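**Student:** Would you be able to build a 3D model of this:
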Amino acid sequence: MLREAIQKLSQHALTYAAAEQLSRVAGFLLIPLFTHYLTESDYGTKELLAVTVAVLAQLCGINITNAMSRHYFDDADPDRKRLVVSTTWLAVATLAGAVVVVLGAATWLFDGRGWLAGSGAATLARLSLAILWFQLAREVLARYLQTEQRSLAFGVFSISKVVCELALQVWFVAGLERGLIGAFEAVALSEAIFASLLGLWILPRIGLRFSRAIFGGLLAFALPLIPNGVLQFCLHSSDRYFVAALATRDDVGIYALAYKLGYIGNYLLLAPFLMVWYPYVFSLIAPEKQKRVIAELGPHFLYLMASVTLALACFAPEIVGSLAQREGYLAAADAVPWIAFGYLFWGWFQFAQTGFHVAKVTGPLPWLSAGALALNVVANVVLIPRLGFVGAAIATTASFAALAIATQLAVRRTFDYAFAWRRVAVTLALAGGLAGAVAVLRPTLGANAPWVAAAVIVAWIAWGWTGYLRPDERGTLLATWRDLRARMRS
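**Tutor:** Numbering: from 1, shown residues only. Prediction:
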């Protein structure tokens with residue numbers, strides 16, 4: 001069972017990973033550009049607007065795409081499948097259009113006053129709304145490609161968009177010297193181009209039809225996810241507003257850089273994996289088979305996430321120093337390990353909540369997210385005045401850890417399966433202990449610190465092969481690797 005799941009998931013996940021990682025690599029390539037042409041305050045403004053757009057996306061029903069993926073497999077009839085997709089696209093596009101029109105009118109009405117006064121704030125707000133609509137229109141159709149497991153088409157489209165957006169941002173920011181406004185103009189233009197191209201390709205194939213019955217089913221599944229999505233996004237991103245209020249706008253920019261780097265584990269592993277994970281689990285149909293796959297793969301995936309997290313924590317100063325072009329950004333290294341471990345717990349939460357989605361019981365998720373957000377808010381209010389943006393990073397780790405553990409316990413009432421608590425606890429504790437040891441010793445190691453960090457990573461990998469994996473699991477991985485090599489040769 002484990003070998004079958006690995007083969008099936010890796011077949012598409014590698015393609016998704018390549019497409020997604022090129023997007024992330026492009027983002028990292030832009031860090032030197034932004035940290036050169038944008039001040040810490042400008043970078044903080046960019047981050048706050050990006051967070052606001054993402055919150056609006058949650059309110060506009062982006063989580064209904066999860067319902068689309070789930071309901072897509074309820075019927076084998078191809079026509080009904082197309083109707084599910086077209087209903088989802090029309091619903092999201094209409095709601096997002098209404099939000100954009102209302103908020104866009106507000107920017108014209110209040111231009112030059114309040115928070116829209118000066119520094120191109122109104123222009124930035126309008127560009128952000130344009131990005132919102134085109135991004136949502138494109139996202140639904142891209143999710144359709146993922147649900148159909150058309151990974152090659154998804155990869156080609158995604159890579160083309162990344163290259164275009166990267167080139168436009170370099171041109172607008174560095175070539176035309178349009179600064180922060182140029183960065184938003186480039187993203188808006190890229191989103192418009194590729195939303196249009198994807199729509200011209202897919203919408204004629206699926207047709208623009210709306211089913212009230214299907215929409216009712218989608219809404220019943222997605223309604224708990226909408227507040228849950230807003231709550232979770234606040235959990236991820238409200239700390240920027242707290243840093244802005246309790247520290248400075250410069251601190252927001254530094255923290256934004258730290259967050260981007262601490263988020264690498266999500267970029268490398270979790271995001272591409274989740275693109276194929278949910279459609280794969282839903283397609284298994286049999287509950288016992290679904291439970292077995294979740295139970296067997298969960299600890300292994302967390303070990304991989306812990307490996308990336310440990311590397312980020314050990315090499316945080318070197319990573320920040322190689323990317324930041326202004327000295328003020330170097331302080332971001334202090335927050336990177338905390339954020340990285342926070343997203344290790346986020347990966348655990350994603351596996352834990354799978355059972356709720358499989359059982360179509362999403363009601364408990366908003367309550368779990370609300371509890372974690374309440375802890376996050378309290379921790380930010382207490383820690384940021386004392387520790388600055390590092391306090392926000394510690395709050396991220398604490399709230400994500402609480403969310404993961406609470407969800408793993410709560411899901412047992414709905415979708416119970418054997419979870420390897422001891423194995424996961426040992427993995428997380430060892431990764432945290434090694435990262436803490438490197439951080440404590442670093443001031444006394446001087447120039448030798450990177451070598452010690454490298455030795456720690458080698459020891460971690462050796463433990464993973466000899467201590468973490470059981471003999472039968474090592475055999476499964478070796479057999480899977482041989483199968484992959486054989487397919488690559490052919």
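**Student:** use CA for all of it now, contacts and neighbours both
**Tutor:** Will do.
**Student:** Tell me how many other residues surround E40.
**Tutor:** With neighbours defined by other CA atoms under 10 Å, the count for E40 comes to 25.
**Student:** make that R474, sorry
**Tutor:** Count around R474 with other CA under 10 Å applied: 14.
**Student:** Then P364?
**Tutor:** Neighbour count for P364, taken as other CA under 10 Å: 17.
**Student:** That one and L403: what is the separation?
**Tutor:** Counting by CA to CA, to the nearest Å, the gap between P364 and L403 amounts to 12 Å.
**Student:** mind listing what's buried in stretch 306-318?
**Tutor:** By neighbour count, with 16 or more other CA atoms under 10 Å as the criterion, the buried positions of stretch 306-318 are A306, S307, V308, T309, L310, A311, L312, A313, C314, F315, A316, P317.
**Student:** which element is the residue lying closest to the fourth one once chain neighbours are set aside on?
**Tutor:** Distances taken as CA to CA, 6 or more residues apart in numbering put A340 closest to T309, at 5.4 Å, once the chain neighbours are dropped. Assigned by DSSP states H and E, A340 falls within helix 336-358.
**Student:** Next, the angle from the helix or strand harbouring M305 to helix 336-358.
**Tutor:** Counting by DSSP H and E, the secondary-structure element that holds M305 is helix 287-314. Helix 287-314 and helix 336-358 are oriented at 170 degrees to each other (axes from the mean of the first three to the mean of the last three CA atoms, to 10 degrees).
**Student:** picking up where we left off before, for the residue nearest to T309, which residues are in contact?
**Tutor:** Shown in contact with A340 (CA atoms under 8 Å, 6 or more residues apart in numbering): L261, G262, Y263, I264, G265, T309, L312, A313.
**Student:** again, 7 Å this time
**Tutor:** G262, Y263, G265, T309, L312 (CA atoms under 7 Å, 6 or more residues apart in numbering).
**Student:** quick one: the second one from A340, how far?
**Tutor:** In this case it means Y263. Using CA to CA, one obtains 6 Å as the distance from Y263 to A340.
**Student:** And for the first one?
**Tutor:** Spatial separation of G262 from A340 under the definition CA to CA is 4 Å.
**Student:** what is in contact with the two at once?
**Tutor:** Shared between the contact lists of G262 and A340 (criterion: CA under 7 Å, 6+ apart) are residues L312.
**Student:** Which pLDDT does the model give the residue nearest to T309?
**Tutor:** The model reports A340 with a pLDDT of 94.
**Student:** quick one: it and V51, what's the gap?
**Tutor:** With distances defined as CA to CA, the gap from A340 to V51 amounts to 19 Å.
**Student:** now stretch 310-328, how far from the centre of its chain.
**Tutor:** For stretch 310-328, the distance between its averaged C-alpha position and the chain's averaged C-alpha position is 21 Å (CA atoms, centre = their mean, to the nearest Å).
**Student:** I meant stretch 348-358, not that one.
**Tutor:** When distances are taken as CA atoms, centre = their mean, stretch 348-358 is centred 15 Å away from the chain's centroid.
**Student:** Need the CA coordinates for that stretch. CSV is fine.
**Tutor:** Output in CSV follows, covering the C-alpha atoms of stretch 348-358 (Å, rounded to 0.1, in the frame of the first residue of the first chain):
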residue,chain,number,x,y,z
TRP,A,348,1.2,18.1,10.5
PHE,A,349,-2.1,20.0,10.6
GLN,A,350,-2.7,19.5,6.9
PHE,A,351,-2.4,15.8,7.3
ALA,A,352,-4.5,15.7,10.4
GLN,A,353,-7.4,17.6,8.8
THR,A,354,-7.6,15.3,5.8
GLY,A,355,-10.0,13.1,7.7
PHE,A,356,-12.5,15.9,8.0
HIS,A,357,-12.4,16.5,4.3
VAL,A,358,-12.7,12.8,3.4
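**Student:** hmm, who's touching that stretch?
**Tutor:** For stretch 348-358, contacts defined as CA under 7 Å, 6+ apart pick out F282, G298, L302, T362, L403, A404, T407, Q408, V411, T414, F415.
**Student:** Now do the helices in the stretch 51-200 of the chain.
**Tutor:** In order along the chain, the stretch 51-200 of the chain carries the following helices (DSSP state H, counting those that start in this stretch): 64-71, 78-109, 121-147, 151-170, 179-206.
**Student:** got those as a markdown table, with mean neighbour count and mean pLDDT columns?
**Tutor:** Shown next, in a markdown table, are the helices of the stretch 51-200 of the chain (neighbours: other CA atoms under 10 Å; pLDDT from 0 to 100):
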| stretch | mean neighbour count | mean pLDDT |
| --- | --- | --- |
| helix 64-71 | 23 | 70 |
| helix 78-109 | 18 | 81 |
| helix 121-147 | 22 | 84 |
| helix 151-170 | 18 | 82 |
| helix 179-206 | 18 | 89 |
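**Student:** Any chance of TSV for these, columns distance to T444?
**Tutor:** As requested, the helices of the stretch 51-200 of the chain are exported to TSV (distance: least, CA to CA, whole Å):
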stretch	distance to T444
helix 64-71	49
helix 78-109	54
helix 121-147	46
helix 151-170	40
helix 179-206	40
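**Student:** between those, which gets nearest to V438?
**Tutor:** The closest of the helices of the stretch 51-200 of the chain to V438 is helix 151-170. By CA to CA, the value is 35.4 Å.
**Student:** CA atoms only: put the helix or strand harbouring G321 into PDB for me.
**Tutor:** According to DSSP H and E, G321 maps onto helix 316-323. Coordinates of the C-alpha atoms in helix 316-323 are reproduced here as PDB (Å, rounded to 0.1, in the frame of the first residue of the first chain):
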ATOM      1  CA  ALA A 316      19.400  31.000   8.600                       C
ATOM      2  CA  PRO A 317      22.200  33.700   9.000                       C
ATOM      3  CA  GLU A 318      24.000  32.400   5.800                       C
ATOM      4  CA  ILE A 319      20.700  32.300   3.800                       C
ATOM      5  CA  VAL A 320      19.600  35.800   4.800                       C
ATOM      6  CA  GLY A 321      23.100  37.200   4.300                       C
ATOM      7  CA  SER A 322      23.300  35.900   0.700                       C
ATOM      8  CA  LEU A 323      19.900  37.400  -0.300                       C
END
